[in-house]
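Undergrad: Predicted model, plus sequence, below.
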Amino acid sequence: MKNIKVIEKSKIWFILSAVLIVISLGSLMIQGLNFGIDFIGGTIITIDLKTPFETSDARTIVDQYDTDADITNAGDDGSQIIISTKKDLSTDERTSLFTAFQEKYTLESTDLLSIDTVSPSIGAEVAQSAVIACIVAVALMLAYITFRFEFFFGLTAVIALVHDLIIVLGVYSLFQIQVNSPFIAAMLTILGYSINDTIVVFDRIRENRNRFGKFDYAPLVDTSISQTLQRSINTSLTTLLAIGSIYVLGVQSIRDFALPLIVGIISGTYSSIFIASTLWVKIKEKQAQKINTKKNIVNN
């Protein structure tokens, strides 16, 4: 396969990433994230309607209490309704809500399956645990790659990971997609998937290192990326096909997990090929430049 000149066009990759990161950070600062009740608290009501229902029909009742409430179906035949609202509904509001469904669907009192209240303090603990989990995961990856390869491989891999996380968060902020518990699992999955792609490229760079001159970093990386490009693209495409099918055909809770994965896989594939390795070349070239400068000073 003909070598792709990735390093030669490094400015394009860096500018594209910079634009995406600026947009993401700008949206995060202006709009913030649309946290679900898992993080900010609220009320979850589950009712057995005894028959499959149209969301629009249920919405006419639920909108009287919260127009932003989420409505999903559950149960083998989709006859159970799960109402999730960020509002802490009072006892009277909960009773009134269930009474409205009772009258519409001719229900018994036992058809009210559960009412769960999520407190903001629990949501804060979830958010804190999520941040700690991501930091620990990134730190362990940095330690492993440094041990397995070298420190600068680990450093650029971590920068690529942060790049991916910011972009995923930016997409969620820009389109105000709700952030909930499945999102956290998806983010950790993205970290693992993205670092796997990066390590494949780094491993090929290490294998090819003896075939090039000591400071021939650009041709070394271009050759290594070209050799692994088809593998990276094929792996990402097949994964996206599977996750895309789950997103289209799955229930809401599955979609909440699949959507960040789709964004993360696309971003992770891009950063593994065009960001991590390119950054490594720039760092190594700076090192080589300093070494040559010192040598020239000594010789003069």
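TA: Structure received. Numbers count the residues shown, from 1 in each chain.
Undergrad: got the contact list for stretch 79-88?
TA: By CB atoms under 8 Å, 6 or more residues apart in numbering, the residues outside stretch 79-88 that reach it are 36-37, 40-53, 58, 62, 65-66, 68-74, 97, 101, 113, 117. C-beta coordinates here come from the backbone N, C-alpha and C atoms, glycine included.
Undergrad: start to end distance for that stretch?
TA: This stretch, stretch 79-88, spans 25 Å end to end (CA to CA, to the nearest Å).
Undergrad: start at 27 instead
TA: That works, and once the first residue is 27, the last one we named lands at stretch 105-114.
Undergrad: buried residues in it?
TA: Residues of stretch 105-114 classed as buried under the neighbour-count rule (16 or more other CB atoms under 10 Å) are 105-112.
Undergrad: Check stretch 58-71 too.
TA: By 16+ other CB under 10 Å, the buried positions in stretch 58-71 come out as 59-71.
Undergrad: Now, those that are in strands?
TA: 60-61, 68-71 (DSSP state E).
Undergrad: about what we covered before: same list, the buried residues of stretch 58-71, but as TSV with distance to residue 165 and pLDDT please.
TA: Listed next are those as TSV, based on distance: CB to CB, whole Å; pLDDT from 0 to 100:
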residue	distance to residue 165	pLDDT
59	23	87
60	28	85
61	25	83
62	27	80
63	30	81
64	25	76
65	24	79
66	28	80
67	30	79
68	33	85
69	37	88
70	34	89
71	40	89
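Undergrad: Domains of the chain: list them as residue ranges, please.
TA: 33-61+148-325, 68-144 (automatic domain parsing).
Undergrad: Endpoints of the shortest one, how far apart?
TA: One end of domain 68-144 sits 5 Å from the other (CA to CA).
Undergrad: do stretch 99-107 as well
TA: 5 Å.
Undergrad: What distance do you get for residue 208 to residue 214?
TA: 11 Å (CB to CB, to the nearest Å).
Undergrad: just to revisit the earlier point, what is the nearest of the buried residues of stretch 58-71 to residue 259?
TA: residue 59 (30.7 Å; CB to CB).
Undergrad: give me phi/psi at that closest one?
TA: phi -100, psi 150 (degrees, to the nearest 10).
Undergrad: coming back round to it: with distance to residue 160 as extra columns, can I get the ones in strands among the buried residues of stretch 58-71 in TSV?
TA: TSV is the format used below for those (distance: CB to CB, whole Å):
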residue	distance to residue 160
60	19
61	16
68	24
69	28
70	26
71	32
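Undergrad: Would you mind listing the buried residues in the longest helix along the chain?
TA: For the chain, the longest helix by residue count, based on DSSP state H, is helix 243-275. For helix 243-275, the neighbour count (16+ other CB under 10 Å) marks 243-254, 258, 261-262, 266, 269, 272-273 as buried.
Undergrad: C-terminal to that helix, what's the next element?
TA: Downstream of helix 243-275, the first helix or strand assigned by DSSP states H and E is helix 278-297.
Undergrad: chain center to that following helix, what's the gap?
TA: 6 Å (CA atoms, centre = their mean, to the nearest Å).
Undergrad: contact partners of the following helix or strand past that helix?
TA: Reading on from helix 278-297 to the C-terminus, the next helix or strand found by DSSP H and E is helix 303-325. Around helix 303-325, the neighbours that count as contacts under CB under 8 Å, 6+ apart are 32-33, 36, 39-40, 178-179, 181-182, 185-186, 227-228, 231, 241, 243-244, 247, 250-251.
Undergrad: can you check stretch 182-195 too?
TA: 43, 46-47, 50-51, 54, 59, 160, 164, 167-168, 171, 213, 216-217, 220-221, 224-225, 228, 286, 289-290, 293-294, 297-298, 301-303, 305-306, 309.
Undergrad: what about 6 Å?
TA: Residues from elsewhere that reach stretch 182-195, judged by CB atoms under 6 Å, 6 or more residues apart in numbering: 46-47, 50, 164, 168, 171, 217, 220, 224, 286, 289-290, 293-294, 297, 301-302, 305-306.
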